[in-house]
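J.: Build me a structure from this.
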Amino acid sequence: MIAEFDPERLAAYLRNELPSLKGAMRLQRIGGGQSNPTFFVTFEQGPELVLRKQPTGDLLKSAHAVDREYRIMCALQTTDVPVPNALFFCDDRDVIGTPFYVMERLQGRVLSNYALPEIAPAERRSYLLALAETLAKLHAVNWKNVGLSDYGRPGNFFARQITRWTGQWEASKMAENDDINQLIEWLPAHIPAGDETTIAHGDYRMGNVMFHPTQPRIIAVLDWELSTLGHPLADAAYSSLPWLTEPDVFEGIRGMDLEKLCLPSQQEYLEAYRACSGRSASAEPFHHAFSLFRFAVILEGITARARAGNAAGENAQAVGQLSSRFARYAAEIIASH
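T.: Just a heads-up that it's a prediction; the model follows:
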């Protein structure tokens, strides 16, 4: 047995779906993330694959929707947004116990640390600007034309999201948190004027894109679990959170000498996104506080799943305990505004 399912049953199913697959199958669990369990799938003959599945156990409503991941990647195949080639979706729980989908494996680099220690200093800026440019490409996609009119509710995004994540907090909190309570009160009263709807990735950051093996060019945007129709500045702010967090919090770069490291400032990154997208508005303190609040709630949910014994990552308990740090960052922002 691999984890919670029988690999032989999976191998038989895959060979039936993809006749080019021959010989024995090898599975390799990848990533230390807390989202949908992901595996490299390799046969003696045939294409290299990646499988993404739901975690087992009781899940929060709408969480871990692998069917939505599969759908949006299929919808984006013909756009300027680089995505893996999604091959098929399986909702038959008899195969591995949960729904899953399979996509082709790409060869590239995932660089999760915004400090980019593995990249030559002279090239680092171009990698982060590529992150901003690719996000602008996503937000430029006409979601109606690619068949995603019912992928979410257009308009009023922040009000609905604040309500949603407040509810998630109440469903998963391990203890009361004064910072979270303050945010729940402050955020609805400070939503900026103006509204816009685009495809929103929901977890857009360095760790969820794949770069070309040698170039500062993104060849795939990954992990679409939290995607929906939403406000583009939610994605923009979220993707810039490492400028607000210390290195011990998901490899943040707050406090580092950005000029010495040849890294752009948060303002420069957000300005690059704004310029590429053609928008006049840019992310404000509200957007950053909202993104930090949302992530704090997500991390609290990871703790809850760890307590229940069905977390996706082995380090779920430690990761979940960072929830209060993100809530504190957000509280600091609203205190200064």
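J.: And the helices in the stretch 201-337 of the chain?
T.: Listed from the start of the chain, the stretch 201-337 of the chain has helices (DSSP state H, counting those that start in this stretch) covering 232-239, 266-277, 285-308, 316-320, 323-335.
J.: Could you tell me the least trusted of those?
T.: Here the lowest mean pLDDT among the helices of the stretch 201-337 of the chain goes to helix 316-320, at a mean of 61.
J.: how about the helices of the stretch 201-337 of the chain in TSV, adding distance to Thr79 and mean neighbour count?
T.: Placement of C-beta: from N, CA and C, glycine included. Supplementary listing: these in TSV, determined by distance: least, Cβ to Cβ, whole Å; neighbours: other Cβ atoms under 10 Å:
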stretch	distance to Thr79	mean neighbour count
helix 232-239	15	26
helix 266-277	15	19
helix 285-308	25	23
helix 316-320	32	19
helix 323-335	32	21
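J.: With distance to His201 as added columns, please give those helices in TSV.
T.: Below are the helices of the stretch 201-337 of the chain laid out as TSV (distance: least, Cβ to Cβ, whole Å):
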stretch	distance to His201
helix 232-239	6
helix 266-277	13
helix 285-308	12
helix 316-320	20
helix 323-335	19
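J.: Quick one: closest of those helices to Trp169.
T.: Between Trp169 and the helices of the stretch 201-337 of the chain, the shortest separation by Cβ to Cβ is 4.8 Å, and it involves helix 285-308.
J.: Can I get the closest one as CSV, trimmed to CA atoms?
T.: Provided in CSV are the C-alpha atoms of helix 285-308 (Å, rounded to 0.1, in the frame of the first residue of the first chain):
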residue,chain,number,x,y,z
PRO,A,285,-3.0,48.1,3.1
PHE,A,286,-6.5,46.6,3.1
HIS,A,287,-5.5,44.1,0.4
HIS,A,288,-2.4,43.0,2.4
ALA,A,289,-4.4,42.8,5.7
PHE,A,290,-7.1,40.8,4.0
SER,A,291,-4.5,38.4,2.5
LEU,A,292,-2.8,37.9,5.8
PHE,A,293,-6.1,37.3,7.6
ARG,A,294,-7.2,34.8,5.0
PHE,A,295,-3.9,32.9,5.2
ALA,A,296,-4.1,32.9,9.0
VAL,A,297,-7.4,31.2,8.8
ILE,A,298,-6.1,28.6,6.2
LEU,A,299,-3.2,27.8,8.6
GLU,A,300,-5.6,27.4,11.5
GLY,A,301,-7.5,24.9,9.3
ILE,A,302,-4.3,23.0,8.8
THR,A,303,-3.9,22.7,12.5
ALA,A,304,-7.4,21.5,12.8
ARG,A,305,-6.8,18.8,10.2
ALA,A,306,-3.6,17.8,12.0
ARG,A,307,-5.5,17.4,15.2
ALA,A,308,-8.1,15.2,13.4
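J.: Okay, angle between that helix and helix 266-277 too, please.
T.: With axes from the mean of the first three to the mean of the last three Cα atoms, to 10 degrees as the criterion, the two stretches helix 285-308 and helix 266-277 enclose an angle of 100 degrees.
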